[in-house]
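Enquirer: got a predicted structure plus its sequence, pasted below:
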4 protein chains.
Amino acid sequence: MKKINIAVLGCGRIGQMHARNVALHEMTSLACVYDINEEFANKVASELGVFAVTDDSEIFSNANIDAILIASPTDTHIEFIEKSVAANKPVLCEKPVDLNINKVNECAERLKNNSVPIQLGFNRRFDPGHLAAKNSLLNGEIGDLHQCIITSRDPGIPSWEYLKVAGGQFRDMTIHDFDLARFMLGEEPTRLFAISNALIEPKIKTELNDSDTLMVIMETASGKQCNIINSRSATYGYDQRVELFGSKGMVISDNRKAHEVKKYSTEFVEKKEPYLNFFIERYQEAYMNEITAFVEAIVNKTSPTVDFEDGRKALVLAETAIKSIASGKMETIN
Amino acid sequence: MKKINIAVLGCGRIGQMHARNVALHEMTSLACVYDINEEFANKVASELGVFAVTDDSEIFSNANIDAILIASPTDTHIEFIEKSVAANKPVLCEKPVDLNINKVNECAERLKNNSVPIQLGFNRRFDPGHLAAKNSLLNGEIGDLHQCIITSRDPGIPSWEYLKVAGGQFRDMTIHDFDLARFMLGEEPTRLFAISNALIEPKIKTELNDSDTLMVIMETASGKQCNIINSRSATYGYDQRVELFGSKGMVISDNRKAHEVKKYSTEFVEKKEPYLNFFIERYQEAYMNEITAFVEAIVNKTSPTVDFEDGRKALVLAETAIKSIASGKMETIN
Amino acid sequence: MKKINIAVLGCGRIGQMHARNVALHEMTSLACVYDINEEFANKVASELGVFAVTDDSEIFSNANIDAILIASPTDTHIEFIEKSVAANKPVLCEKPVDLNINKVNECAERLKNNSVPIQLGFNRRFDPGHLAAKNSLLNGEIGDLHQCIITSRDPGIPSWEYLKVAGGQFRDMTIHDFDLARFMLGEEPTRLFAISNALIEPKIKTELNDSDTLMVIMETASGKQCNIINSRSATYGYDQRVELFGSKGMVISDNRKAHEVKKYSTEFVEKKEPYLNFFIERYQEAYMNEITAFVEAIVNKTSPTVDFEDGRKALVLAETAIKSIASGKMETIN
Amino acid sequence: MKKINIAVLGCGRIGQMHARNVALHEMTSLACVYDINEEFANKVASELGVFAVTDDSEIFSNANIDAILIASPTDTHIEFIEKSVAANKPVLCEKPVDLNINKVNECAERLKNNSVPIQLGFNRRFDPGHLAAKNSLLNGEIGDLHQCIITSRDPGIPSWEYLKVAGGQFRDMTIHDFDLARFMLGEEPTRLFAISNALIEPKIKTELNDSDTLMVIMETASGKQCNIINSRSATYGYDQRVELFGSKGMVISDNRKAHEVKKYSTEFVEKKEPYLNFFIERYQEAYMNEITAFVEAIVNKTSPTVDFEDGRKALVLAETAIKSIASGKMETIN
């Protein structure tokens, strides 16, 4: 099979990861890497043995480039998505589409007749564990779903610089859980309630009007209940769990460790090392599977399983959460 | 040490369990059992080798009886508590104090100068696992508490007869979790939000205006977040978990099994048998420890660690949850 | 049902435990306790509210005593077994029958026409976990048994005084594993190989010609393989595991903890407290179930499921292990 | 860093895996693949985008090839090792060196003055879990090592064709465990005892004089005890465990799963999917780490951490086991 030749936009931490994954993936080849910062672009390009680009028009006009992976800063996503579509190149875009729901809605309007595949980078849907949990539900193993509990705690608080521009905990962090909840529930949540606070770093609240610790409850039209539990700082590592409880049973996708070593002494038994540190390690397979799904959508000319509209809807949930925080009420999701 | 001689009121399922525990406990002896139903009283008395009583005045006037354990129907609790206090006999009363918060408040008013020990039967506080989790928090092992998640699912829906008189899921079932939440949080919750539904048996909603599946979020003045997850029917057994997440770490009190057997085949690995069926099996040690605490309060002339006011406050939380369901808002806890 | 009235012989640590169990067990009552040491006997008797005996003839001639539980020093076991049989009183005797195989064989010869129930105190057969493992094998869940691995490590080395008279690690400690192996294998081992050493306390080897660390391999006529792994000192608590591996799968009876609390921090995840300290805590249920089985054998007039001959055969395996250590060869079990 | 350019000899299952790993590894590039079978060589070469070789002299004379990875049939290993050495190309050779200990000894004699790095493919030493266990021992976490237990069961019996030429279970399968035992023990075993049988497929014994189920006990000069438990067919997947028990504690490297999904129903709790099927999946990281170690030895001009002599010594243990089976005795390891 001919490999899909992909250009990766953005050479930051996540861009580097994607570039490396594209280079290693057996269905893809890395065409080039782009960054507005020439030094960054050159460094990553040289490490991976491809050419560097600092003018994105070279990419969209290059007939040898089959597809685009967008890992550049959030405020460039919409522009690059639209340029990819214009160039008829399928695109895999990191989350979120944008921090501004109005811009996302306007983009959606412009793309309403688009048929070029746009896949959103909600990597967790492709995690082998979370996927097996979802399949267990689809196979009827747990009967009707009643409750979905998503625990998602980052291993440590990001830098102040990052926090200032990240768009707030709901849009930056919980957005992954909102998407995962929609994926697991199998139907749209219709109402949402949230609380949040800055218990780790009070300045996040006082200076940024943001939070680091939160809980969300959502409900679907048929009454399914969903709970999201978030914290920016779990000392024991990246805490990523999904629990699906149904009329016939339960399935839990639990945390993954680097290895299965257990230690025993006068003080403890079955002690293990902290969980994998963060998303690049924890979701390594998910990121590779995400590329596989992208290639399959391109090759089979099918819609991506997670698309632009999924990106928009996750952002709508984040907006609704922010509204609920302000009102102290359960808010209807529009 | 002289054993404390205890009369057990009520010979239903939970009364029988308590009578047996009192008889087996090394600090107590079973004086007699009481039930308004003579046949029940005689049967249990005969099995345990004590005398049966059907007129409670014989108990309160009996100088050989040191203390009272109330396991009779809920609507008799207040009467028997007050008779015990009048007779100067320490009392251990099953939860809830009463289903009617006004009656509880009136009783509290009448008892405001009381000094006879009244312990409430919130058995879960005495579970070795839950207690070890709480101690881990008190010892500073997890730093400041940020989030408390209590999962509590019964193994099967109760009978329709029981459901009709139980006072609703919040007052009957969640009341245990409300108390456990207060115990774990170490400070009073100030605001509460709840959703509920009848996903297991829709008639519970349509005919009883009650629920079988619910979620609660509570917040304390300092911002601690608490989540309660309830279902009336977990096919895999009585699901009882507590998770305490803090600034320095986490502690989880997980489910207990009858034994530690794991099975392996072409279809599975590490498969275990369903959890202990219900509260009598799961909280066997907790019920014994509860008696120990009661005896210690009597002997040391200290206040019980969980008392009438704890019973009242758990009921206040249940009332607030019902109010939140109606309003769709986070309600202040008064 | 009328309770079986049992006299307990021996008021040491294990005798006290048995006396308490007999007093608590719903099928039995404690008739009296015996010890040659009057002070010991009085102390235990007083605590449990029964009378003390220092002349054993009072017990064997007492028509109100239905059965005997022997927990006195090993060198009195045979004498008391034979006196029980002569008095037509069923007997439950702690392991081992005796440290001297010749005395055991002579006793067996004298008892060859005996029909009074004699149960040996191999408590582990009655552990809920080990029993569930055995039942899994009997139910065909793992197919034909191929390999049985028994790990058995004590939490700490016994006192020098105890070691001097205990008869050596094989007769004192491994004897439990030899019995458990016979129980699990379901057929007699025919050949045995052993190695041993004193790795914890070298003086055990140099001064007592004994060991603290050993491994045994046994084989049955049909080729089943069994492995026993022993140590006198596991810092992390009493380590008691059984693994049954067969043509269709595997079942493991794993270690039991006091509760299911897991701790998480920057240094670890899923850390638990050390295992239950020793046999009285770990095998609490097994000791109670052992009494149940004893009563059932008495009431139903059936042979005990684990009897004198089982006690003798376990000792034969210990003797064969000692022989193998000397020869460096796999020895035939006679 | 310049990548090490490696030729892979052998295009069977394991050769294909190595070729792919070399191509993916960030420190290496795949120069070419060799197989005596032109069709095989072409197929693998084409998939990986390299050239195919059927005449090995082209490889040893090619100055652009930095190193050799031997994954061809066992009886070609010695020839290719010696050709690599003659060509001054570092070599990573799959286990075993050869099935004939005399040939291995003769080769060792010829290589006695060799300084070209020869690494043996004992992949398990590089498994993150097993390595963490070993490091735990080296760090003093478990004190002095007393007992090492290695459980190693393949997921299913190999083909009859394979069994006929594999050299018997000890030389083909247990050889990995012999090496791992040496690695974990940290000192040479001096005595060995083994039993074996064909419990899965009796014809393996009757027709091939071989076994499918075995146990080994080894002892070191200082008295450390080691136990190896092998089966050719574990229905529940590839079973790979190491237990190190010491004076201060224990460390276990347990089985690895594809994900951490647990299932719950009326029949079970915490049920997981069978273990990773076989060595390619289970030891994926180990195979990559093995290449890293090989490159580091080349670049740093150090001896490989696992070398020709380790390959020879593992085979000596296999020979001693076969001798012990015949004699029924514990045999001295020469």
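Expert: Sure, I can see it. Numbers count the residues shown, from 1 in each chain, chains lettered A, B, ... in the order given.
Enquirer: any buried residues in stretch A:256-267, and which?
Expert: For stretch A:256-267, a neighbour-count test (16 or more other CB atoms under 10 Å in any protein chain shown) marks A:256, A:257, A:258, A:259, A:260, A:261, A:262, A:263, A:264, A:265 as buried. Using the backbone N, CA and C atoms, a C-beta is placed for each residue, glycine as well.
Enquirer: just those residues now: which is nearest residue C:315?
Expert: Distance to residue C:315, by CB to CB, is smallest for residue A:264 among the buried residues of stretch A:256-267, at 31.8 Å.
Enquirer: circling back: just the buried residues of stretch A:256-267: which are in strands?
Expert: Per DSSP state E, strands hold the following members of the buried residues of stretch A:256-267: A:261, A:262, A:263, A:264.
Enquirer: does chain C sit close to the helix or strand hosting residue A:146?
Expert: In the assignment (DSSP states H and E), residue A:146 maps to strand A:145-153. No: legend: contact between strand A:145-153 and chain C by CB under 8 Å from any CB of the partner chain is lacking; minimum distance shown is 10.4 Å.
Enquirer: near chain B at all, that strand?
Expert: Yes: using CB under 8 Å from any CB, strand A:145-153 reaches chain B at A:146, A:147, A:149, A:151, A:153.
Enquirer: out of these, which are buried?
Expert: Here, 16+ other CB under 10 Å leaves A:146, A:147, A:149, A:151, A:153 buried among the residues of strand A:145-153 next to chain B.
Enquirer: which of the residues you listed lies closest to residue B:321?
Expert: The nearest member of those to residue B:321, counting by CB to CB, is residue A:147 at 16.6 Å.
Enquirer: ok so, going back, what would the buried residues of stretch A:256-267 look like in CSV with pLDDT and distance to residue B:173?
Expert: Formatted as CSV, these follow (pLDDT from 0 to 100; distance: CB to CB, whole Å):
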residue, pLDDT, distance to residue B:173
A:256, 95, 34
A:257, 94, 35
A:258, 93, 40
A:259, 95, 41
A:260, 96, 37
A:261, 97, 40
A:262, 98, 36
A:263, 98, 39
A:264, 97, 38
A:265, 97, 40
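Enquirer: any weak-confidence spans in chain A?
Expert: Along chain A, the parts satisfying pLDDT under 70 run over A:1.
Enquirer: contacting residues for the residue of the stretch 1-150 of chain A found nearest chain B?
Expert: Closest approach between the stretch 1-150 of chain A and chain B, counting by CB to the nearest CB: residue A:146, at 4.7 Å. By CB atoms under 8 Å, 6 or more residues apart in numbering or on different chains, the residues touching residue A:146 are A:224, A:225, A:245, A:246, A:247, B:199, B:200, B:213, B:231.
Enquirer: nearest to chain C, of those?
Expert: residue A:245 (19.0 Å).
Enquirer: tell me the secondary structure of the closest one, please.
Expert: Under DSSP: H, G, I helix; E, B strand; the rest coil, residue A:245 falls in the strand class.
Enquirer: got the contact list for the residue nearest to it when sequence neighbours are not counted?
Expert: Leaving aside its chain neighbours, residue A:245 sits nearest to residue A:147 (4.3 Å; criterion: CB to CB, 6 or more residues apart in numbering or on different chains). For residue A:147, the contacting residues are A:224, A:225, A:226, A:227, A:243, A:244, A:245, B:213, B:215, B:229, B:231, by CB under 8 Å, 6+ apart.
Enquirer: among those, who's most crowded?
Expert: Ranked by the number of neighbours (other CB atoms under 10 Å in any protein chain shown), those place residue B:231 first, at 28 neighbours.
Enquirer: what's the spacing between it and chain A?
Expert: Relative to chain A, residue B:231 is positioned 6 Å away (criterion: CB to the nearest CB, to the nearest Å).
Enquirer: next up, the contacts around that residue.
Expert: With CB under 8 Å, 6+ apart, residue B:231 has these contacts: A:146, A:147, A:245, B:153, B:154, B:200, B:212, B:213, B:239.
Enquirer: distance to residue A:176 added to the residues you listed, as CSV?
Expert: What follows is these, written out as CSV (distance: CB to CB, whole Å):
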residue, distance to residue A:176
A:146, 23
A:147, 19
A:245, 21
B:153, 27
B:154, 32
B:200, 30
B:212, 31
B:213, 25
B:239, 26
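Enquirer: which stretches of chain A form helices?
Expert: With helices called from DSSP state H, chain A shows them at A:13-24, A:38-48, A:57-60, A:77-86, A:101-110, A:128-138, A:160-165, A:169, A:175-185, A:203-206, A:279-282, A:284-300, A:308-327.
Enquirer: and the second one, what's buried?
Expert: Which is helix A:38-48. In helix A:38-48, counting by 16+ other CB under 10 Å, buried: A:40, A:41, A:42, A:43, A:44, A:45, A:48.
Enquirer: kindly report the same for the last one.
Expert: Buried positions in helix A:308-327, judged by neighbour count with 16+ other CB under 10 Å: A:308, A:310-325.
Enquirer: which one of the contacts of residue B:231 is nearest residue C:108?
Expert: residue B:239 (51.7 Å).
Enquirer: interface residues of the stretch 151-300 of chain A facing chain C?
Expert: A:234-237, A:255, A:257, A:264-275.
Enquirer: could you dump stretch A:224-238 to CSV, C-alpha only?
Expert: Provided in CSV are the C-alpha atoms of stretch A:224-238 (Å, rounded to 0.1, in the frame of the first residue of the first chain):
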residue,chain,number,x,y,z
LYS,A,224,-28.3,8.6,31.5
GLN,A,225,-26.1,10.2,34.1
CYS,A,226,-22.5,11.3,33.5
ASN,A,227,-19.9,12.6,35.9
ILE,A,228,-16.6,14.2,35.1
ILE,A,229,-14.0,14.7,37.8
ASN,A,230,-11.0,16.9,37.0
SER,A,231,-7.9,18.1,38.7
ARG,A,232,-4.8,19.9,37.3
SER,A,233,-2.4,18.1,39.7
ALA,A,234,-2.4,14.5,40.7
THR,A,235,1.0,13.8,42.4
TYR,A,236,0.8,10.1,41.5
GLY,A,237,0.8,10.7,37.7
TYR,A,238,-1.7,11.2,34.9
